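Chemist: what's the 3D shape of this:
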Amino acid sequence: MAGKFELYKDKAGEFRFRLKAGNGENILASEGYKDKSSAEKGIASVKKNAGDKTRFEIKESSSGKPYFVLKAANHQVIGQSQMYDAASGCEGGIESVMKNAPDAAVDDQAG
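Modeler: Down below sits the predicted model:
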C-alpha cells in the first residue's frame with residue numbers, strides 16, 4: 001500500500017494533515033490551520049519539498065529523543081515527525097517521508 005495524506009479537522013476546529021506510510025504508521029504531522037485551503041497548500045508544500053534532503057532538520061526534544069522537521073524554501077516548518085528512540089529511527093523516518101510524500105494521495109476526512 002502506498003503512503004497517503006489524511007486531511008482532517010481536530011477537536012479545536014482546526015484543519016490538520018498527517019502523512020502515513022504504506023504500513024499505516026504516521027510519519028509526519030502538520031500544525032493546525034484555520035481554513036482548509038491553507039492545509040491543502042501545506043500538503044502541496046510537503047509534496048514539493050520532501051524530495052530534498054536539505055529541507056529536513058533533525059532536532060532533539062527536551063527529553064533527549066530525536067525527531068525531525070520538514071521546512072519549506074522560506075524556512076517555515078511544514079511538518080514534524082514523532083519522537084524516535086534512536087537517531088537511526090529518525091533517519092528512517094526521513095527516508096520514508098522522502099519516498100512516500102511526493103506521490104501520496106490525499107484522503108480528505110475534513111468534510
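
Chemist: now do the SS call for the residue nearest the centre of the chain.
Modeler: Centrality entry for the chain: nearest residue to the mean C-alpha point is Leu28, 2.7 Å, by Cα atoms, centre = their mean. Of the three states, Leu28 takes strand under DSSP: H, G, I helix; E, B strand; the rest coil.

Chemist: buried ones in stretch 31-47?
Modeler: For stretch 31-47, the buried set under the neighbour-count rule, 16 or more other Cβ atoms under 10 Å, comprises Glu31, Tyr33, Ala39, Glu40, Gly42, Ile43, Ser45, Val46, Lys47. In short, each C-beta sits where N, CA and C put it, glycine included.

Chemist: hang on, the earlier thing: and the residue nearest to the centre of the chain, bridged to which residues?
Modeler: Listed beta-bridge partners, Leu28: Leu19 (assigned using DSSP bridges).

Chemist: does it touch Ile94 like I think?
Modeler: No. Using Cβ atoms under 8 Å, Leu28 makes no contact with Ile94, being 9.6 Å away.

Chemist: who touches both of these two?
Modeler: Residues touching both Leu28 and Ile94 (Cβ atoms under 8 Å, 6 or more residues apart in numbering): Ser81.

Chemist: run through the chain and note the low-pLDDT ranges.
Modeler: Across the chain, the stretches falling below the confidence threshold (pLDDT under 70) are 1.

Chemist: tell me where this structure has strands.
Modeler: For the chain, applying DSSP state E gives strands covering 4-9, 15-20, 26-29, 56-60, 66-71, 77-80, 105-108.

Chemist: for Gly89, find the nearest of those strands.
Modeler: strand 66-71 (7.6 Å; Cβ to Cβ).

Chemist: and the closest one, what does it pack onto?
Modeler: For strand 66-71, the contact count by 3 or more Cβ pairs under 8 Å, 6 or more residues apart in numbering; DSSP states H and E identifies helix 36-49, strand 56-60, strand 77-80, helix 87-100 as packing neighbours.

Chemist: can you give the distance from the last one to the centre of its chain?
Modeler: Taking the mean of its C-alpha atoms, helix 87-100 sits 11 Å from the chain's own mean (Cα atoms, centre = their mean, to the nearest Å).
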